[in-house]
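Visitor: Mind looking at a prediction? Sequence and model below.
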Amino acid sequence: MNLLQSINDFNEAKQVIVGGVNSPVRAFGSVDGVPRFIHKAKGAHIYDVDGNVYIDFVQSWGPLIFGHCDKDIESSVLQSVKNGLSFGAPTEIETTLAKEIISIYDGVQKVRLVSSGTEATMSAIRLARAYSGKDDLIKFDGCYHGHSDSLLVSAGSGCATFGAPSSPGVPKDLSKHTLVARYNDIDSVRACFEESKTKGSGVGCVIIEPIAGNMGLVPADREFLRALRKACDEYGAVLIFDEVMSGFRASLRGSLESCDVLPDMATFGKVIGGGMPLAAFGGKDEIMKLLSPEGSVYQAGTLSGNPVAVSAGLTSLLKLKSDPSIFDTLAKKAHTLTQGLKDAAQSVGIPLQVCHRGSMFGFFFNDKPVRNFDDAKQSDTAMFAKFHQKMLERGVYLACSQFESGFICTAMGEKEIQSTIDRAKESFEEIANNSVGKYNGQAARYAP
């Protein structure tokens, strides 16, 4: 596979862009490869600057549920652009999108549009603290909610990949208010509540990915979420569901389809922007009315509610709402893919754990089920890097980190799914044949 232009582009980028990329994981550091510089995309495929074609299971990290260059979303964006790129003033379409979000996601009565998931979670936490009147925050090890100071404590995703569970530059006076619990472990949550109570500060809010996509794909147990809801009510804390990744992706109603727990607040992104920079946070009216200009909690953004982004997101959401069967179809494809990957790995004795929620999927080179970040970190990341490289060579573009999720889009048919499984089988067989010793199905660090 020719990569000369991508190599040249990466070297040139590193002269003027830190690390050569504008988001760390894109540098391919954890998979020992060359980042592909993408020239164009269409449907289920992306094309790099060297002319190589890949089946794309990243889909811009989740937003493109209809694949690249969907004609309806593309048309709405082009029409919006003709009317102006940005106004810095209210538009009717913002209200329309807000109404759609509220009509679909139970418990959310008011929303505020912003430009990124980080902005949404940061603002939701500030508002939740104001409502509860308490400073401490509980998050979960392995859940990533953006790069704001209070949340870069034992984070997953890119931070986990680079071995930095928290980031330098975060003041201790801020991080001391963030307590970290163990995912799917209610006892650890209650311990955090009690610790905060002992300190005298109190927990103002709890934020969680109900379907975690930033330690690999790890869903929260239904009983755990019920117990978490109960604990928040008992201690007077606001419960925030971070559905930036899972919202309108795992199902039309996000995580709510698989659990009977309603949060006090929720954050959204990815799909509601249709590939454009757009996110939102929302919740009960009694909480949201504390936000400026109705209340005194300040939040603002020059490009919030950008009409081009809102047009893309609204079109995406309306397409999904008009045909909810899309989610069943995507879930079946995700099941076929993950089961095919598992069978292919096991055929040569490589242990593989797989999971999917709707069109989101993940897999771990691990001989035990993964229920939290401690489990995820026991996975064989060296094996993941080998597999990632082999799949790239065969034209399959997977997330470039063990601690990220993959995504199915409607443009992927049975042909693309089966072709991916076939290429995975070839990759696993090549890895097995080139490795020292025999695979016996046990979790191990296989020889290079």
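Guide: Noted; the coordinates are in hand. Numbers count the residues shown, from 1 in each chain.

Visitor: ranges for the strands of the stretch 201-350 of the chain?
Guide: 203-208, 211-212, 218-219, 238-243, 265-268, 279-283 (DSSP state E, counting those that start in this stretch).

Visitor: In its sheet, which strands sit next to the second one, and in what direction?
Guide: For strand 211-212, the paired strands and their directions (DSSP bridges) read strand 218-219 (antiparallel).

Visitor: which residues are in contact with the partner strand?
Guide: 142, 183-184, 210-212, 255, 258, 355, 357, 362, 370-373, 375-376 (CB atoms under 8 Å, 6 or more residues apart in numbering). Backbone N, C-alpha and C define where each C-beta goes, glycine included.

Visitor: Equivalent analysis for stretch 58-67, please.
Guide: Under CB under 8 Å, 6+ apart, the answer for stretch 58-67 is 42-44, 68, 70, 72-73, 213, 245, 248-249, 269-271, 273-275, 316, 319-320, 326, 330, 359-360, 397-399, 404-407, 409-412.

Visitor: Drop anything exposed from these.
Guide: Buried subset of those (neighbour count, 16 or more other CB atoms under 10 Å): 43-44, 68, 70, 73, 213, 245, 248-249, 269-271, 273-275, 316, 319-320, 326, 330, 359-360, 397-399, 404-407, 409-412.

Visitor: Need the CA coordinates for stretch 254-270. PDB is fine.
Guide: Extracted C-alpha coordinates of stretch 254-270, given in PDB (Å, rounded to 0.1, in the frame of the first residue of the first chain):
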ATOM      1  CA  GLY A 254     -30.100   7.100  23.100                       C
ATOM      2  CA  SER A 255     -29.500   5.000  26.200                       C
ATOM      3  CA  LEU A 256     -33.100   5.400  27.300                       C
ATOM      4  CA  GLU A 257     -34.200   2.600  25.000                       C
ATOM      5  CA  SER A 258     -32.200   0.100  27.100                       C
ATOM      6  CA  CYS A 259     -32.800   1.400  30.600                       C
ATOM      7  CA  ASP A 260     -35.800   2.800  32.600                       C
ATOM      8  CA  VAL A 261     -33.800   5.600  34.300                       C
ATOM      9  CA  LEU A 262     -34.300   9.300  33.500                       C
ATOM     10  CA  PRO A 263     -31.500  11.700  34.300                       C
ATOM     11  CA  ASP A 264     -32.000  15.300  35.500                       C
ATOM     12  CA  MET A 265     -29.900  16.600  32.700                       C
ATOM     13  CA  ALA A 266     -28.400  15.200  29.400                       C
ATOM     14  CA  THR A 267     -25.800  16.300  27.000                       C
ATOM     15  CA  PHE A 268     -25.900  15.700  23.200                       C
ATOM     16  CA  GLY A 269     -23.600  16.000  20.200                       C
ATOM     17  CA  LYS A 270     -22.300  14.000  17.200                       C
END
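
Visitor: tell me the domain ranges of the chain?
Guide: 4-68+324-433, 71-322 (automatic domain parsing).

Visitor: how far does the longest one sit from the chain's center?
Guide: Between the mean C-alpha point of domain 71-322 and the mean C-alpha point of its chain there is a distance of 11 Å (CA atoms, centre = their mean, to the nearest Å).

Visitor: Next, the distance between the ends of it.
Guide: 16 Å (CA to CA, to the nearest Å).

Visitor: I'd like the numbering to begin with 26 instead of 1 from here.
Guide: Okay, using 26 as the starting number, the last item reads as domain 96-347.

Visitor: Quick check: mean pLDDT of that domain?
Guide: Across domain 96-347, the average pLDDT comes to 92.

Visitor: Helices of the stretch 326-473 of the chain, start to end?
Guide: 332-347, 350-371, 398-401, 406-418, 439-458 (DSSP state H, counting those that start in this stretch).

Visitor: in the fourth one, what's buried?
Guide: Translated: helix 406-418. Of all the residues in helix 406-418, those buried under the rule 16+ other CB under 10 Å are 406, 407, 408, 409, 410, 411, 412, 413, 414, 415, 416, 417.

Visitor: repeat for the first one
Guide: Judged by neighbour count (16+ other CB under 10 Å), helix 332-347 contains these buried residues: 332-342, 344-345.

Visitor: Among these, which one lies nearest to residue 288?
Guide: Distance to residue 288, by CB to CB, is smallest for residue 342 among the buried residues of helix 332-347, at 19.5 Å.

Visitor: wait, doesn't that closest one sit right on residue 122?
Guide: Yes: using CB atoms under 8 Å, residue 342 makes contact with residue 122 at a distance of 7.1 Å.

Visitor: Give the full set of residues in contact with the nearest residue to residue 210 once chain neighbours are set aside.
Guide: With CB to CB, 6 or more residues apart in numbering as the criterion, residue 210 has its nearest non-adjacent residue at 6.8 Å, and that residue is residue 397. Going by CB under 8 Å, 6+ apart, residue 397 touches 166, 167, 207, 208, 209, 210, 240, 243.

Visitor: separation between the last one and residue 337?
Guide: Applying CB to CB, to the nearest Å, the value for residue 243 to residue 337 is 29 Å.

Visitor: what does the third one give?
Guide: Relative to residue 337, residue 207 is positioned 37 Å away (CB to CB).

Visitor: what's the answer for residue 53, then?
Guide: 28 Å.

Visitor: tell me the phi and psi of residue 112?
Guide: With angles defined as degrees, to the nearest 10, residue 112 sits at phi -120, psi -30.

Visitor: Likewise for residue 54?
Guide: According to degrees, to the nearest 10, residue 54 has phi -60, psi -30.

Visitor: The spatially most central residue of the chain: what's it in contact with?
Guide: Central residue of the chain (CA atoms, centre = their mean): residue 270, 4.0 Å from the mean position. Counting by CB under 8 Å, 6+ apart, residue 270 makes contact with 86, 87, 142, 234, 236, 238, 239, 294, 295, 385, 430.

Visitor: and with 10 Å instead?
Guide: Going by CB atoms under 10 Å, 6 or more residues apart in numbering, residue 270 touches 86-88, 142, 169, 234, 236-239, 242, 279, 292-296, 385, 429-430, 432.

Visitor: Show the pLDDT at residue 466.
Guide: Reported pLDDT for residue 466: 33.

Visitor: Quick check: neighbours shared by residue 342 and residue 122?
Guide: Contacts common to residue 342 and residue 122, judged by CB under 10 Å, 6+ apart, are 297, 298.

Visitor: and stretch 217-231, how far apart are its ends?
Guide: Termini of stretch 217-231 sit 10 Å apart (CA to CA).
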